[in-house]
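Peer 1: sequence and computational prediction follow.
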Number of protein chains: 2
Amino acid sequence: MAENILVIGGGPAGLHAAIELAELGVNVSLVERDTFFGGNPKKFKYKYLFPDLQPADNVIGELIKRAESNNNIKKYLSANIESFKEDGKKFNAVIKSSAGSETKTFDSVIVATGFEHFDPAKDSKYSYQLFDDVIDIKDLERMMGEGNFTRPSNGKPPKNVAIILCVGSRDRHVGNQYCSRVCCTVSVKQAIELREHFPETEVYIFYMDIRTYGFYEDLYWKAMEEHDVQIVKGRVAEITSGPDNTVICKGEDTLLRGPFEIPFDMVVLASGMEGGPQSPEMADKLGIELDEHGFLKQANITLSPFKSNKDGIFLAGACTGPKAIADAIVEGGAAAMNAYIYAKKNS
Amino acid sequence: MAENILVIGGGPAGLHAAIELAELGVNVSLVERDTFFGGNPKKFKYKYLFPDLQPADNVIGELIKRAESNNNIKKYLSANIESFKEDGKKFNAVIKSSAGSETKTFDSVIVATGFEHFDPAKDSKYSYQLFDDVIDIKDLERMMGEGNFTRPSNGKPPKNVAIILCVGSRDRHVGNQYCSRVCCTVSVKQAIELREHFPETEVYIFYMDIRTYGFYEDLYWKAMEEHDVQIVKGRVAEITSGPDNTVICKGEDTLLRGPFEIPFDMVVLASGMEGGPQSPEMADKLGIELDEHGFLKQANITLSPFKSNKDGIFLAGACTGPKAIADAIVEGGAAAMNAYIYAKKNS
């Protein structure tokens, strides 16, 4: 008899896990709270992925297509886990969706509930939502995805753009001491895209540390050398309105050791990643733990990052911390392997 | 009939992949060129792992123990792949070890051949091997592992220690433009350990960017706030001999915008990771590709980083690029899942 495995969350990690398990003949129930699969990359219409600038649809669209065409995956959209309880080595869950409530028994569970983009309106110094031309990393991604890549205030190409890193990250003031890991590389990628679209537009990046780790570094050199992106070490302390419908970034250049006050046509806030409202709810319902940053806690950070603290419940993707789509997909595979082994042993 | 899968490399990624496959009843052949399993962490006796400072043996020792006690894994030590060829959807390999040569047919293959530590002697400005008290990241790790944590020149505790980041990384001069990804976090961890062992010892870190990405950031704050580690933005340009048996680090503090010339009792070079001599050999024998940095090339960086460019041959761990042990283990799981699916389909 085929194993039954529950996958909660239909973003990159959950989709990949579901597809791999289905290919082994497992009966997968894939539960997504949204009305579509693909997670935040789909929701915010990411266009090109770092580091190779391949179309996001090559990855996200491909995963959705494979999941949708696989009959071993029962898909639940606009759905959530209404109740959940252990029954010996198995798990009973009530899945509620627009089609009604369904009670099922599972051999193992994968939680892949993802993350939320930090809301920059939470930090008033950035004047997000106050000025039309102050947008954030996901707004810019969506605008690029929609091919609508101009100043929100007047629809014209910007003469200069500031990208501000670490918005909502590495900042105890907003409660997030951790680094969101991907914003530097996404921002460097976006800077290159801006320069390619508008060769006349100057692009500045204000940073604390440029964390284009590993091979992402190639993109950083490319931004500086081939696209003349101006990279300034300094944290922006305030954004105010300036003359001629501009927005002014004030701060200190920590390398030149002096203040700056520059009017920009457009400001992009590289807001980070947070655990999101679904994680505490999942932790509560499934009886698993949260870590001190509000993400789901891994059994052992190094030996078994794909395990929760509860046998038979596995974790994958950004629900355990900020990470790139590639890492989420890899974790989906590792969690699927473990969920399958657990199910085989106990079914 | 059980599937037959070849795993090349017995470090963290290969061990984890082998164990997971063996738990599904697969006949695994685990081939390691060294005389022991555990890869570089075992070879250089890593003591504590970042970010939670758990004993390395909790992870590496545990993986070795599980692999050694599993009868579904045939272990080959001091071994290599003498020849390899495709046979339809299967692969024929000759495994040569101290026990002789053995010809076997496999349904799929996982390559987990790991990395080499960059040899800092390749860059003369660091005076590695010239001065006893200039050591590198793996030397310090081994010394800590052996409980021998003093100046090599005289066996006494150092009064001050410099840790220099990006040795052999982010440096076109030595041929490695990429970032080695883990050295910052390892170094911050080592700085904390130094301060704990020798509270009287001053510890300086010279850096370009502190890349303690994600939750590794916690360790960076801890080093600064709880352990008074001095973190200086500036690249060391030269190491020379100083008075009283010291070594002098010369460079420029890019934040204070001035030169420094400080005598230290001990210097630790945070040398990075390279693809290693086994990767080109593997690429050649298995008919897979290398990337421009000398690591094994992934089929698709985001969608399938655990696949090589050849069907049925999968990749895991640092053979595809610098990464943390946790990431190597996760990739071992993802590659195992794929190798298993491929084997099931074709056996």
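Peer 2: Structure received.

Peer 1: going by C-alpha atoms from here, please, whenever you check contacts or count neighbours.
Peer 2: OK.

Peer 1: in stretch A:297-316, what counts as buried?
Peer 2: A:297-309, A:312-316 (16 or more other CA atoms under 10 Å in any protein chain shown).

Peer 1: of these, which belong to strands?
Peer 2: A:Ile313, A:Phe314, A:Leu315 (DSSP state E).

Peer 1: I figured the first one hits A:Phe306, correct?
Peer 2: Translated: A:Ile313. No - in this structure, A:Ile313 is not within contact of A:Phe306 by CA atoms under 8 Å, at 9.2 Å.

Peer 1: just the helices in the stretch 1-150 of chain A please.
Peer 2: Assigned helices in the stretch 1-150 of chain A, in chain order: A:12-23, A:39-43, A:56-68, A:137-145 (criterion: DSSP state H, counting those that start in this stretch).

Peer 1: those helices: which one's closest to chain B?
Peer 2: Each of the helices of the stretch 1-150 of chain A has some distance to chain B by CA to the nearest CA; the shortest is helix A:56-68, at 5.5 Å.

Peer 1: quick one: that closest one to helix A:12-23, angle?
Peer 2: Interaxial angle of helix A:56-68 relative to helix A:12-23 (axes from the mean of the first three to the mean of the last three CA atoms, to 10 degrees): 40 degrees.

Peer 1: what's the angle between helix A:56-68 and helix A:137-145?
Peer 2: Going by the same axes, to 10 degrees, helix A:56-68 makes 90 degrees with helix A:137-145.

Peer 1: who in the stretch 51-200 of chain A is up against chain B?
Peer 2: A:Asp52, A:Val59, A:Arg170, A:Gln177, A:Tyr178, A:Cys179, A:Ser180, A:Arg181 (CA under 8 Å from any CA of the partner chain).

Peer 1: return the residues in contact with the nearest residue to the third one once chain neighbours are set aside.
Peer 2: Here the nearest residue to A:Arg170 in space, its sequence neighbours aside, is A:Gln177; by CA to CA, 6 or more residues apart in numbering or on different chains that works out to 4.4 Å. A:Gln177 makes contact with A:Ser169, A:Arg170, A:Asp171, B:Glu217, B:Asp218 under the criterion CA atoms under 8 Å, 6 or more residues apart in numbering or on different chains.

Peer 1: if any of those residues are buried, give me the ChimeraX selection for them.
Peer 2: Applying 16+ other CA under 10 Å to these leaves a buried subset, and the ChimeraX line that selects it is:
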select /A:169,170 /B:217,218
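
Peer 1: could you dump the contacts of A:Gln177 into a markdown table and include pLDDT, secondary structure and distance to B:Asp253?
Peer 2: Converted to a markdown table, these look like this (pLDDT from 0 to 100; DSSP: H, G, I helix; E, B strand; the rest coil; distance: CA to CA, whole Å):
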| residue | pLDDT | secondary structure | distance to B:Asp253 |
| --- | --- | --- | --- |
| A:Ser169 | 97 | coil | 26 |
| A:Arg170 | 97 | coil | 23 |
| A:Asp171 | 96 | strand | 25 |
| B:Glu217 | 98 | helix | 23 |
| B:Asp218 | 97 | helix | 25 |
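
Peer 1: which among the contacts of A:Gln177 gets closest to B:Val268?
Peer 2: B:Glu217 (21.0 Å; CA to CA).

Peer 1: for the closest one, which non-adjacent residue is spatially closest?
Peer 2: B:Glu217's closest residue in space is A:Tyr178 (CA to CA, 6+ apart), at 5.5 Å.

Peer 1: check what pLDDT that neighbour gets.
Peer 2: With respect to pLDDT, A:Tyr178 scores 98.

Peer 1: next: A:Asp119.
Peer 2: At A:Asp119, pLDDT is 97.

Peer 1: may I ask which helix or strand encompasses the residue nearest to A:Tyr126 when sequence neighbours are not counted?
Peer 2: The shortest distance from A:Tyr126 to any non-neighbouring residue, by CA to CA, 6+ apart, is to A:Ile239 (5.4 Å). Taking DSSP states H and E as the criterion, the element that holds A:Ile239 is strand A:236-241.

Peer 1: what mean pLDDT does that strand get?
Peer 2: 96.

Peer 1: what helices or strands is that strand leaning on?
Peer 2: strand A:247-253 (3 or more CA pairs under 8 Å, 6 or more residues apart in numbering or on different chains; DSSP states H and E).

Peer 1: alpha carbons only: can I get the strand it packs on in CSV?
Peer 2: Only the C-alpha atoms of strand A:247-253 are listed here, as CSV (Å, rounded to 0.1, in the frame of the first residue of the first chain):
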residue,chain,number,x,y,z
VAL,A,247,13.2,61.8,-2.0
ILE,A,248,16.3,62.5,0.0
CYS,A,249,18.4,59.8,1.6
LYS,A,250,20.4,61.1,4.6
GLY,A,251,23.1,59.1,6.4
GLU,A,252,26.8,58.8,6.9
ASP,A,253,29.3,57.4,4.5
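
Peer 1: strand partners (parallel or antiparallel) of it?
Peer 2: Sheet partners assigned to strand A:247-253 using DSSP bridges are listed as strand A:236-241 (antiparallel), strand A:258-264 (antiparallel).

Peer 1: how many neighbours does the nearest residue to A:Ile231 once chain neighbours are set aside have?
Peer 2: Distances taken as CA to CA, 6+ apart put A:Ile205 closest to A:Ile231, at 4.8 Å, once the chain neighbours are dropped. A:Ile205: 23 surrounding residues under other CA atoms under 10 Å in any protein chain shown.

Peer 1: for A:Ile205, grab phi and psi.
Peer 2: Backbone dihedrals for A:Ile205, given as degrees, to the nearest 10, come out at phi -120, psi 120.
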